[in-house]
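Trainee: Fold the following and give me the result.
(one chain, ligands or ions: 1)
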Amino acid sequence: MAESIKYIGASTHDLDLFEGQYSISNGMAYNSYVIDDEKIAIIDTVDKIVTDKWLDNLKKALDGKEPTYLVLEHLEPDHSGNINTLLKMYPSITLVCTAKAKTMLEQFDIKAENVMTVKEGDELSLGNHTLKFILAPMVHWPEVMVTYEESEKALFSADAFGKFGALDVDESWSDEARRYYFNIVGKYGLPVTNLLKKASALDIKTIYPLHGPILTDTVPEVLKLYTTWSSYEPEENGVFIAYASMHGNTAEAAHKTKEILEEKGAKVTISDLSRSDMAQNVADAFRYGTLLCMAPSYDGTVFTPMADFIHRLKTKLYQNRRVALVENASWAPSAVKAMKAEFEGMKNIDLIENTVTIKTTVKENDIKALEALADEILK
Ligand code: FEO
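Mentor: As a prediction, the model looks like this:
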């Protein structure tokens, strides 16, 4: 991390769900930075849940000096939660934001004396550092911009390149960044691709995101992963078996299918949709090239946990994947028809024509049908 860029963000383990729905068993980090120069700029504030820690870090970083600018890259409350705190301390500080963000300040009850709006490519000199603003609408709100500082080769990337998890937890970046990306930003692949195109023209040594760790050595790797994710291409060849089971029979069929696929050399990940983190299931569906959905028929449609899972995939613009379907029914099979109708409404889904209907328990002929389906999946 550059000497003149000071981390003033904070982590919490006291929040159960991020954005009211995403499990964060390893906590969450809300990042904020001070650029110490002739004129001092603060890059974003933090969620109210970490106000006290942030204020301590801010005071240490400022060391009695007054900030000139507060750069607002993103107004979602996890970043705008302390703008008013700062305005009370420094009423004449200048807020720097996009024109769109300016129109949104009022709804966040923010009334500032000084607001400077910036456009694509505008520059702001702090002395030895010059901030260059790059608009990034819909990554992941319309008012978003990112900030590049050339002398440090630093990209302040707003929500992009973030992850779930507090900074005092050592865990895989890609697993929690993938779960964060597809669930939070996943619908906005095209805007992310547009931002990546602009980023490809920059020499980036360090990425300073608003969540997760500061990225240095892994910059090429994370840019590559983001290119794959934002283009909706699979990250790996493999099969994700997503199943839901009422009485254990569909679960048995799912695990049997996993064995069959693995015997044939496939990489397989399996998940019980009723007893797992749905955000992780969404991330796994995007990770692999093939999705196998296995569920009972229910109320003339498909069993609720599977309906919920597919609905989430649809809202995240799930596309460019092979999908296979298996249903269970003791009477009136309806799950395949319902699942098929949903996937047919998604872009570029290669639905495997052969489907399997299990009648309650898994029998010898079902195993043969699952073997044939596995062969088609691996074709
Ligand atoms: Fe971290 Fe879109 O807010």
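
Trainee: which residues touch I260?
Mentor: I367, L370, E371, A374 (C-beta atoms under 8 Å, 6 or more residues apart in numbering). (Each C-beta comes from the backbone N, C-alpha and C, glycine too.)

Trainee: Mind checking which of those residues are in helices?
Mentor: Among the contacts of I260, the members falling in helices (DSSP state H) are I367, L370, E371, A374.

Trainee: just to revisit the earlier point, of the contacts of I260, buried ones?
Mentor: By neighbour count, with 16 or more other C-beta atoms under 10 Å, these hold I367, L370, A374 as buried.

Trainee: so who does the second one touch?
Mentor: With contact taken as C-beta under 8 Å, 6+ apart, L370 is in contact with A253, K256, T257, I260, V326, V356.

Trainee: I8 now?
Mentor: By C-beta under 8 Å, 6+ apart, the residues touching I8 are S32, Y33, V34, I42, W54, N57, L58, K60, A61.

Trainee: Mark which of these are buried, thanks.
Mentor: For these, buried by 16+ other C-beta under 10 Å: S32, Y33, V34, I42, W54, N57, L58, A61.

Trainee: What strand or helix carries V323?
Mentor: Under the criterion of DSSP states H and E, V323 resides in strand 321-328.

Trainee: So the residue in the stretch 151-300 of the chain that the ligand sits nearest to versus L223, what's the distance?
Mentor: Among the residues of the stretch 151-300 of the chain, D159 lies nearest to the ligand; the distance is 4.4 Å by C-beta to the nearest ligand atom. For D159, the distance to L223 equals 16 Å [C-beta to C-beta, to the nearest Å].

Trainee: between the two, who's got more neighbours?
Mentor: D159 (25 against 16; other C-beta atoms under 10 Å).

Trainee: With adjacent residues omitted, what lies nearest to that one?
Mentor: H140 (5.2 Å; C-beta to C-beta, 6 or more residues apart in numbering).

Trainee: three-state assignment of E38?
Mentor: coil (DSSP: H, G, I helix; E, B strand; the rest coil).

Trainee: and it, what are its phi and psi?
Mentor: phi -50, psi -40 (degrees, to the nearest 10).

Trainee: Pretty sure it sits against L126.
Mentor: Yes. The pair E38 / L126 is scored as a contact, 6.4 Å apart, by C-beta atoms under 8 Å.

Trainee: More neighbours: these two, which one.
Mentor: A count of neighbours by other C-beta under 10 Å puts L126 above the other of E38 and L126, at 18 against 10.

Trainee: give me the number of residues near the spatially closest residue to the more buried one that is not a sequence neighbour?
Mentor: Nearest non-adjacent residue to L126, counting by C-beta to C-beta, 6+ apart: D37, 3.9 Å away. By the criterion of other C-beta under 10 Å, D37 has 19 neighbours.

Trainee: pLDDT score for the closest residue to I349 other than its chain neighbours?
Mentor: Nearest residue to I349, sequence neighbours excluded (C-beta to C-beta, 6+ apart): F343, at 4.9 Å. With respect to pLDDT, F343 scores 98.

Trainee: circling back: between the ones in helices among the contacts of I260, which is closest to T269?
Mentor: A374 (15.1 Å; C-beta to C-beta).

Trainee: That closest one contacts V268, correct?
Mentor: No. Look at A374 against V268 with C-beta under 8 Å: they stay out of range, at 9.9 Å.

Trainee: Identify the contacts common to these two.
Mentor: Jointly contacting A374 and V268 under the rule C-beta under 8 Å, 6+ apart are L261.

Trainee: element containing V239?
Mentor: strand 236-243.

Trainee: angle of that strand against strand 321-328?
Mentor: Comparing the axes of strand 236-243 and strand 321-328 via axes from the mean of the first three to the mean of the last three C-alpha atoms, to 10 degrees yields an angle of 20 degrees.
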